[in-house]
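Participant: coordinates for the following, if possible.
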Amino acid sequence: MRKKIRVWGLGVLALWSVVSPAQACGWYSPQLGHVSLFDYFLPKNCTDNKYFVYNRYIAACKGCAHRNSYDFHFDEGFSPAEPNKDHNIEAWQLLLQSRAQESQIAQIVYRTGVDTLDFLVQKLEGKSVELPNDLQVNAFATEIVAQKRLDIAKYLVYAKKCEPFALREWDWLDWEANTKANEAERELMAAVREEGMQLLAAEPNIALKQRYLYQVVRLNYFVENFEQILQVTQAYLRPEMPKNYIDSRLRGRIAGAYFRLGRVAESAHTYAMIYKDYIKTDAAFAERSYVNFRTLIQDKKHFEACVKLAKDNQERATVWFLGSLVDSYSTYWDMAEGETPTQEYQNLHASMLNTLEQIWQNSPTDEALETALWRNLQEVEDDYFRPMLLANQPKIDTAAYKATDHNITNVAFAPTAVEKPSFFKKITKAIVNFWHSIWDWFSSSDKKSTNKNKQSDGENSADTLLVDDYVNPYESGFYYDNTFAFTGFASAADREAREDYYMGLKSIVNKIAAAGNTEQPALWHLTKAYLHIMNSEWPQAQESVEMARQQFKTKQGQNEYILLQTNLLEQYIALENQPKISAEYENKLGDFVASQTDTTSHFDQIFFNRLGQKYLAQNDWQKAAMAYHRAGSSWAMAVLLDMYATDAQFTTLLETVRKGGENKLESYLVGKFFNASQLTEIKAVRLARDNHFTEAVAALDDLPASYWQHAPDTFAASLGNKYHDMPYRTYNHLQFFTTIDSLRANAAANPQNAAQEWMTVGNALWSSAYWGYNQTLWRGDLITTARYFDGNQYPLNVSDTLATQFYVRKMHFMNRYGTSLLAGKYYQKAAETTSNELGAQACYLGMSLTKHTQTTFHEGIYTDDFEPMYALWKKVFADKPQAVPYLNECPALRETLPKQKSNKVS
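Facilitator: Got it, this is the predicted structure:
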């Protein structure tokens, strides 16, 4: 018994572009595929957060923590006398309160030799020497002399003595090269190192003492004196030393020494503290420190030992935070996209929740707390909110959008199965056997499902495809059906695991919000509201939003981003609470959206898609199209315009757009996001697809010439389309339709000799398979829609007459939008006009159209649509000399030859 067709319809079509916008462009990006209503506050606020600079990638993109693989790289590795970095120049400016240009400081620090620098020392020691011209004209050198900074001059000379060894750093760190160093070179390094120890001990200036310490540690590192490094740093490293570029590199050497001595926890702790102190000011080095931390902390024992080394709550919060990133990296490295949660996956969620709670308990005002919250929100959005949006879609009965009322199909289409020609039976049998052999090789168990789905009562179910007695697994839903994508959750166990994570986050957020001891209390009440929204708990969500607003009255609550995020969530709650979209609500919403200077693309996608669903549910497809277009849902907007709209409705919408809308909301949507010229082009495409090319050209003639300067050529290669070749000649729609119309006019004027014109039109329609799309609709890729959407879902649920067979529905859709149906009619005209070689070619191509279905791997159900071309071939061309090339190209066509002539053609 045929099932009543009740589908998600355009709501799902629109939402699929929200939950997977990245897939339309040909590759997958986790960030583009993300769904969020809450990314307005955190990303902007976190630009001032020391944890955000690097962790935005980790939070937004699963597994991206490994994007830079530094392995064990314990120092900057590019220094001559000193680290060659802008940060170092800034440190010198600060030390001397210098007004010299950066280039002048760099000239002295990096490019002046030891002999020249020694003149500075002699001059400041009171000796009668004249400075070289290079020093006299250098502002930084004259400042050293003017301020009588002998200590700086002596340090610069010593740093330059270290330079020959620093320039060969990688030789010293390479064991084989190190062992080949001659004894004289080792003795020289030892002497420079000993001199540095003396200067370090005697230097009173804390900033210069730090630099001497760095040089001594580095020289010890080159010769693997790791114990000496720890001893000298324990003796001379002081908390009051500047937190600058030198400090981070010095501590990196110390962390490396700990590691080389097998003291893993101490090494990891040192790297974690470098990360904490420098993620905002020196993100690149902080990232490298995290990667080293991640490499060291690979088991619970080392992590717990690292936590114990933390000196205060803030350090403990940092270690917990970085530890959770290690869990994310380890888990997602091996996980496949869309994999059902495993125990390891659930452990990751438990670790992330534990991290959030540990940071809060140890340091509730630490900036890491907000970033840990964001990571959990991103995770729960992907793993709970995203499938919940799909699972909870309103079920819209498409009975209101039937073909007879809304001109969906435009042409009558009631296919009748016919007896297949004998040679096609052979082709079908060969292909079926081929697929049987491949499928059986993969899994013999699927034969049971194949047999179970065989036709038994003369009517196919809506989700199977029958060819003779074979069910192709690729068409029956086994391969193309993405259960998770369209039903929300992969299984009951999957949903339970995701709900557990959601409830765990909800519980912790409730505790933190109730305590009110964080840096931004309003954020936690707003997060409560967001978690309620995820589960469609609207009264609780509104209550939490009001609690967040109360926090704005306090000094702590004065955060503009939280306020703006609150306004957005409140609007979403208000939308969900609307039983029907009224004119009063439209004006209120119009006032709000017009006042917003900035919203996020994620919010706009979800909000306006939801508005479009509500419009569609109340049978207002025109406003639904506007809302979907604003949301970026080109699929849903375009199919409403291209398939559901009658000509009268389309004209009404076009007039509304030209007037700029009927109310404030429409004015907002139309003014920014709709284009009357674009709608006119879509209207012309609709006309042309129904073979009304003259009318299509007339419609496009109204467009200004400037429109085509910016419109993409119909057949040109596009970044949005990776699946068709760049043609040698390109057309826009106006040029294409004008050419077709001219060819048809020439044929009508001389019908007896029109075969070439009909053939050319057929070639154009067939070879340019996407001319029948409007540009927006093609960008939405309805070819992919036809492949991946279930048989009962739009756009395949086009009419009751097509509801019985998935293959027939699909092929009707592809005939309309792949243009094979109309192209075949012109090939038939050409074949009926002439019996020469051109006619044979047209007839052969006409038969080929039905074979090349574009969406299936094997022969389908043949109908009367194919029969006229086959009959014409058999009657007129099969035994003629002009048929020989095609008989050789397709040997199965020999079945069309009369038996007595079967062996005469070669």
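
Participant: could you list the domains of this structure?
Facilitator: Listed by automatic domain parsing, the domain ranges of the chain are 80-150, 675-767.

Participant: is S98 part of a helix or strand, or is it coil?
Facilitator: coil (DSSP: H, G, I helix; E, B strand; the rest coil).

Participant: tell me the secondary structure of the nearest residue to it once chain neighbours are set aside, please.
Facilitator: On the basis of Cβ to Cβ, 6 or more residues apart in numbering, the spatially nearest residue to S98 that is not a chain neighbour turns out to be E143, at 5.5 Å. (Each C-beta comes from the backbone N, C-alpha and C, glycine too.) Following three-state DSSP, the label given to E143 is helix.

Participant: what do you get for the one 10 residues further on?
Facilitator: Taken by three-state DSSP, the conformation at A153 corresponds to helix.

Participant: with T518 instead?
Facilitator: Classification of T518 into helix, strand or coil gives coil, according to three-state DSSP.

Participant: and it, what pLDDT?
Facilitator: Per-residue confidence at T518 stands at 92 (pLDDT).

Participant: ok, of the domains of the chain, where does mean pLDDT dip lowest?
Facilitator: The weakest mean pLDDT among these belongs to domain 675-767, with a mean of 75.

Participant: state the mean pLDDT of the one helix or strand I533 maps to.
Facilitator: Secondary structure from DSSP states H and E places I533 in helix 521-534. Averaged across helix 521-534, pLDDT comes to 94.

Participant: so which elements touch that helix?
Facilitator: Contact here means 3 or more Cβ pairs under 8 Å, 6 or more residues apart in numbering; DSSP states H and E; on that basis helix 521-534 packs against helix 368-380, helix 492-515, helix 538-551, helix 560-576.

Participant: ok, 7 Å please
Facilitator: helix 492-515, helix 538-551, helix 560-576 (3 or more Cβ pairs under 7 Å, 6 or more residues apart in numbering; DSSP states H and E).

Participant: the longest one to helix 521-534, inter-axis angle?
Facilitator: What separates the directions of helix 492-515 and helix 521-534 is an angle of 150 degrees, with axes from the mean of the first three to the mean of the last three Cα atoms, to 10 degrees.

Participant: out of the helices and strands packed on helix 521-534, nearest to K148?
Facilitator: Distance to K148, taken as Cβ to Cβ, is lowest for helix 560-576 among these, at 50.0 Å.

Participant: on contacts alone, who are the packing partners of that closest one?
Facilitator: In this structure, helix 560-576 packs against helix 41-45, helix 521-534, helix 538-551, helix 601-617, with contacts taken as 3+ Cβ pairs under 7 Å, 6+ apart.

Participant: could I get the average pLDDT for whichever helix or strand comes after that helix?
Facilitator: For helix 560-576, the following helix or strand on the C-terminal side (DSSP H and E) is helix 583-595. Within the predicted structure, the mean pLDDT of helix 583-595 is 91.

Participant: same thing with stretch 163-175?
Facilitator: In this model, stretch 163-175 has an average pLDDT of 72.

Participant: stretch 313-331 now?
Facilitator: Stretch 313-331 shows a mean pLDDT of 77.

Participant: right, so of the domains of the chain, which gets closest to A513?
Facilitator: For these, the distance to A513 is smallest for domain 80-150, at 39.6 Å, taking Cβ to Cβ.

Participant: by contact count, what packs against the one helix or strand F736 maps to?
Facilitator: According to DSSP H and E, F736 maps onto helix 733-749. Packed against helix 733-749, as judged by 3+ Cβ pairs under 7 Å, 6+ apart, are the following elements: helix 676-689, helix 693-700, helix 755-767.

Participant: thinking again about what came up before, just put the helices and strands packed on helix 560-576 in CSV and tack on mean neighbour count and distance to R689.
Facilitator: As requested, the helices and strands packed on helix 560-576 are arranged in CSV below (neighbours: other Cβ atoms under 10 Å; distance: least, Cβ to Cβ, whole Å):
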stretch, mean neighbour count, distance to R689
helix 41-45, 21, 44
helix 521-534, 25, 42
helix 538-551, 18, 43
helix 601-617, 22, 23
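
Participant: coming back round to it: and the residue nearest to S98, how far from D500?
Facilitator: Spatial separation of E143 from D500 under the definition Cβ to Cβ, to the nearest Å is 65 Å.

Participant: ok, now E655?
Facilitator: According to Cβ to Cβ, E655 stands 53 Å off from D500.

Participant: so those two - more neighbours on which side?
Facilitator: The residue with more neighbours, out of E655 and D500 and counting by other Cβ atoms under 10 Å, is D500; that gives 15 against 10.

Participant: one step back: which of the helices and strands packed on helix 733-749 sits closest to M869?
Facilitator: Evaluated with Cβ to Cβ, the helices and strands packed on helix 733-749 place helix 755-767 nearest to M869, the distance being 11.4 Å.
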